[in-house]
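**Q** 3D model of this:
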Amino acid sequence: MNPLRQLAASSRRLRLPARIATRLPSASQTAKALAFAALVAAGAVSAYRYAEQAETGAIIERATHRLDIDESTLKGELTRYDYLPALLSLNPEIAELLRHPQDQALIGRVNRYLAEVTTDSQAAAIYVLDLHGTTLAASNWNQPISFVGQNFSYRPYFIDALNNGTGRFYGLGSTSRLPGYFYAARIGANGQQLGVVATKISLDAIEALWKRGDETVLVADANGVVFLTSCAAWKYRTLHPLSAAARARIEAKRQYDGPGALEELGLVKRRRLTPSAEIDAIPAANPHSASTGNARQNKFVVVSRLVSGTDWHIMSLTDIAPARKSASYAALVAALGLSLAMSVTLYVLQRRKVIAQRLAMRETLERMNDDLERKVTRRTDALARANHSLRSEIAQHKRTEATLKATLEELVQAGKMALIGQMSAGVTHELNQPLAALRTLSDNALLFLQRGRPGEAESNLRVITGLIERMGTITAQLRRFSRKGPAELAPVDVERAMANALFLVELRLRKENVEVVRHIGNQGANADLKVLADANRLEQVLVNLFANALDAMLDCPVRQLTIAVRVDETDDAFATITVSDTGAGIPEDARARLFEPFFTTKPPGAGLGLGLAISAGIVRELGGTLKIDDAAASAGASFTLRLRRARIDEYQADGAAPHSPAEAQPASPKMPGAKA
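**A** Next up, the predicted model:
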């Protein structure tokens with residue numbers, strides 16, 4: 001019997017212990033438990049919301065009271081120095097200085113007077129500007145950072161004071177680089193404008209006072225830029241994205257500067273609570289969210305209002321986490337109370353149905369066991385069918401692969417035979433000439449021997465020996481080239497393979513007067529390049545490329561076959577062999593189909609269009625690539641063969657043994673017109 005079926009049959013006989021069975025609830029009890037749980041959850045949520053609203057209301061009340069105090073403090077600090085312009089206008093020397101700005105003695109007296117007033121009023125600086133915005137006298141005239149001689153005509157407080165009588169502005173000092181609030185008033189006499197007196201006050205004391213509280217307090221200008229805050233990391237950041245025009249205005253005034261200036265704070269509005277209060281958040285991923293002291297609690301109750309008499313907004317941000325924590329405690333207490341009452345009710349109901357539950361669970365278990373047995377049976381049968389189908393597909397794939405491999409071998413051999421057929425006329429000519437010479441030389445040698453001239457007979461016999469070796473080389477090369485067999489990868493000398501291939505087309509090269517140019521290695525290096533390939537098939541690809549190049553140059557006045565062998569410049573683990581001709585080139589529309597079987601650019605009857613397709617298949621089998629290079633259609637054709645270089649350990653493993661019988665023969669001599 002199937003082991004899975006035995007397991008299912010044995011599981012069918014299982015029975016639950018009585019103690020466990022009595023603890024398993026029925027479906028109705030489960031529904032009741034879920035209903036009770038829903039009631040507990042609803043009660044907890046109601047308690048949480050009530051407590052949260054109460055805590056949030058208390059936060060809003062405290063923040064509103066705190067804002068009343070903070071706003072009064074800020075306005076008191078801003079109006080504290082309103083008396084200074086009137087006081088300074090009472091000094092006739094200031095008006096006199098504006099009339100006579102070159103009087104050095106007068107400048108000195110005014111400087112000292114401004115310094116005394118600054119010390120008494122505890123202002124940051126007081127200075128006098130002419131109608132062009134140039135500072136004539138200042139309270140800090142004798143300090144390292146002095147306003148004397150500085151021009152502030154671009155500052156809004158100066159422009160507003162000239163036009164409207166007074167001007168107010170908050171920003172970084174362009175000279176001291178310290179922030180401050182600037183208050184300016186116009187100075188005149190007899191209806192004539194003379195200049196402007198400006199006062200700079202520091203608001204650092206207010207910020208220090210705010211930092212002592214639990215809330216985060218900030219003041220933002222009309223553009224939403226935070227310039228006063230108890231959180232230093234938020235200073236000069238924006239509450240909302242700035243428009244390009246607003247950013248340009250701020251930069252023109254040189255109002256704010258520093259690390260992160262004008263970067264968006266990322267304050268996200270979540271929920272409106274009252275007309276002046278809402279819940280906002282800073283995303284936890286925002287680097288400024290940690291600046292409040294708790295990066296995970298990044299939601300705040302925000303209370304804001306407009307500072308009267310200005311276009312500023314003062315805001316109080318209180319962490320909502322404590323309020324939510326208190327609400328969570330209230331929800332927990334409510335949930336525990338409801339859970340206790342409902343647990344007692346559930347216990348009573350369950351005890352009344354113990355027997356019914358036990359029987360129901362036994363029936364349920366038996367049904368589950370039956371279902372398990374049926375599912376195991378169905379899935380086992382399906383798995384067996386799928387396994388049989390998979391084995392059949394694997395066998396079919398193997399047969400298809402063997403057929404394809406045999407077909408490729410036949411195509412490769414057919415390509416060899418086609419090339420040999422194309423060279424048959426030349427080979428016949430190459431053999432007929434030595435044969436005719438052999439007959440003449442042998443007859444002459446016989447005559448020399450008959451006439452007692454052995455020296456001349458020996459000379460003829462040596463020539464005959466050379467001709468026989470030449471004919472043997474030709475036949476051995478053809479026999480090796482036509483050899484049939486699977487590809488065997490081994491280190492192959494690229495220069496030797498190229499020489500063997502050129503030997504097979506040597507007659508066409510001489511007959512058609514083709515100049516051969518060879519470039520071996522990169523700038524004279526790597527002259528002994530070896531690649532991992534099958535020598536016979538590599539030579540077949542080279543012969544095909546050479547033959548195509550010769551066909552392309554038949555009607556061309558300049559016939560030059562260029563062969564470049566070098567290490568790949570992009571990856572020195574590969575070597576490239578580039579074959580170029582000076583033919584008519586290949587049309588652009590034919591390049592995409594060049595390696596398709598039975599596609600050819602030759603005239604009808606001149607080829608079947610299988611040479612490049614077979615060559616590309618051979619190269620893929622060798623683990624390389626064959627492609628046509630990008631070039632103008634009129635610049636001839638150039639093909640690049642890319643193969644992996646043989647490693648040093650492969651050289652040593654291969655030893656000095658030749659890769660084929662032809663390698664035992666000397667390489668063909670350099671052909672007429674060839675260049676290295």
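**Q** the host helix or strand of Thr345: which residues count as buried?
**A** Here Thr345 sits within helix 321-352, counting by DSSP states H and E. Buried residues in helix 321-352, counting neighbours by 16 or more other C-beta atoms under 10 Å, are found at 323-324, 326-327, 330-331, 334-335, 338-339, 342, 346, 350. For every residue, glycine as well, the C-beta is placed using N, CA and C.
**Q** can you redo the residues you listed as TSV with distance to Arg645 and pLDDT?
**A** Shown next, in TSV, are the buried residues of helix 321-352 (distance: C-beta to C-beta, whole Å; pLDDT from 0 to 100):
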residue	distance to Arg645	pLDDT
Ala323	73	70
Arg324	69	73
Ser326	75	76
Ala327	74	73
Ala330	78	77
Ala331	74	75
Ala334	79	76
Ala335	75	80
Leu338	80	74
Ser339	77	80
Met342	80	72
Leu346	80	69
Gln350	80	72
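**Q** quick check, nearest of these to Met498?
**A** Nearest to Met498 among the buried residues of helix 321-352: Arg324, at 82.0 Å, using C-beta to C-beta.
**Q** any idea how far Ile282 is from the residue lying closest to the closest one once chain neighbours are set aside?
**A** In space, Arg324 comes closest to Glu52 once its chain neighbours are excluded; the distance is 6.3 Å by C-beta to C-beta, 6 or more residues apart in numbering. To Ile282, Glu52 is 20 Å away according to C-beta to C-beta, to the nearest Å.
**Q** with neighbour numbers in mind, choose between the two.
**A** Higher neighbour count among Glu52 and Ile282: Ile282, with 22 against 18, using other C-beta atoms under 10 Å.
**Q** wait, that one touches Val268, no?
**A** Yes: with contact defined as C-beta atoms under 8 Å, Ile282 counts as touching Val268 (7.1 Å).
**Q** neighbours of Glu207, how many?
**A** Neighbour number of Glu207 under other C-beta under 10 Å is 19.
**Q** typo on my end, Leu383
**A** Leu383, neighbours per other C-beta under 10 Å, totals 10.
**Q** do Asp589 as well
**A** Neighbour tally, Asp589, other C-beta under 10 Å: 8.
**Q** now it, what's its secondary structure?
**A** helix (DSSP: H, G, I helix; E, B strand; the rest coil).
**Q** pLDDT of stretch 509-525, averaged?
**A** The average pLDDT for stretch 509-525 rounds to 82.
**Q** I'd like to know which elements the helix or strand where Leu87 lies is packed against.
**A** Using DSSP H and E, Leu87 sits in helix 84-89. Here helix 84-89 touches helix 104-121, strand 179-189, strand 192-201, going by 3 or more C-beta pairs under 8 Å, 6 or more residues apart in numbering; DSSP states H and E.
**Q** list the buried residues for the helix or strand just after that helix?
**A** Per DSSP H and E, the first helix or strand lying C-terminal to helix 84-89 is helix 92-99. Buried residues in helix 92-99, counted by 16+ other C-beta under 10 Å: 94-95, 97-98.
**Q** likewise for stretch 520-537?
**A** 520-522, 526, 529-537.
**Q** could you tell me the end-to-end distance of it?
**A** End-to-end distance of stretch 520-537: 21 Å, with C-alpha to C-alpha, to the nearest Å as the criterion.
**Q** now do that stretch: distance to the chain's middle.
**A** Put simply, stretch 520-537 sits 38 Å off its chain's centre (C-alpha atoms, centre = their mean, to the nearest Å).
**Q** check stretch 107-118 too.
**A** Worked out by C-alpha atoms, centre = their mean, stretch 107-118 lies 63 Å from the chain centre.
**Q** same question for stretch 314-327.
**A** 41 Å.
**Q** can you check stretch 360-378 too?
**A** 53 Å.
**Q** same question for stretch 548-559.
**A** 49 Å.
**Q** next: stretch 219-235.
**A** For stretch 219-235 - counting by C-alpha atoms, centre = their mean - the centre lies 36 Å from the chain centre.
**Q** and if you look at stretch 547-558?
**A** On C-alpha atoms, centre = their mean, the centre of stretch 547-558 falls 48 Å from the chain's centre.
**Q** got the buried residues for stretch 181-193?
**A** Quick answer for stretch 181-193 (16+ other C-beta under 10 Å): 181-187.
**Q** tabulate the residues you listed (TSV), appending distance to Gly258 and pLDDT.
**A** Formatted as TSV, the buried residues of stretch 181-193 follow (distance: C-beta to C-beta, whole Å; pLDDT from 0 to 100):
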residue	distance to Gly258	pLDDT
Tyr181	17	90
Phe182	18	90
Tyr183	23	88
Ala184	24	91
Ala185	29	91
Arg186	31	91
Ile187	33	89
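**Q** the helix or strand bottoming out on mean pLDDT in the chain: what's the following helix or strand?
**A** Least confident helix or strand of the chain, by mean pLDDT, DSSP states H and E, is helix 18-21 with a mean of 45. Scanning forward in sequence from helix 18-21 by DSSP H and E, the next helix or strand is helix 27-79.
**Q** how much does that following helix deviate in direction from strand 192-201?
**A** Between helix 27-79 and strand 192-201, the angle comes out at 130 degrees (axes from the mean of the first three to the mean of the last three C-alpha atoms, to 10 degrees).
**Q** could you check the pLDDT of the residue of the chain positioned farthest from its centre?
**A** Distance from the C-alpha centroid of the chain peaks at Arg451, with 91.9 Å (C-alpha atoms, centre = their mean). Arg451 carries a pLDDT value of 82.
**Q** where do the helices of the stretch 551-676 of the chain begin and end?
**A** For the stretch 551-676 of the chain, the helices defined by DSSP state H, counting those that start in this stretch cover 588-591, 611-621, 648-654.
**Q** got the CA positions of the first one in PDB?
**A** Put plainly, it is helix 588-591. Presented in PDB, the C-alpha positions along helix 588-591 are these (Å, rounded to 0.1, in the frame of the first residue of the first chain):
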ATOM      1  CA  GLU A 588      23.200  49.100 -45.100                       C
ATOM      2  CA  ASP A 589      19.800  47.200 -45.700                       C
ATOM      3  CA  ALA A 590      21.700  43.900 -46.100                       C
ATOM      4  CA  ARG A 591      23.800  44.000 -43.000                       C
END
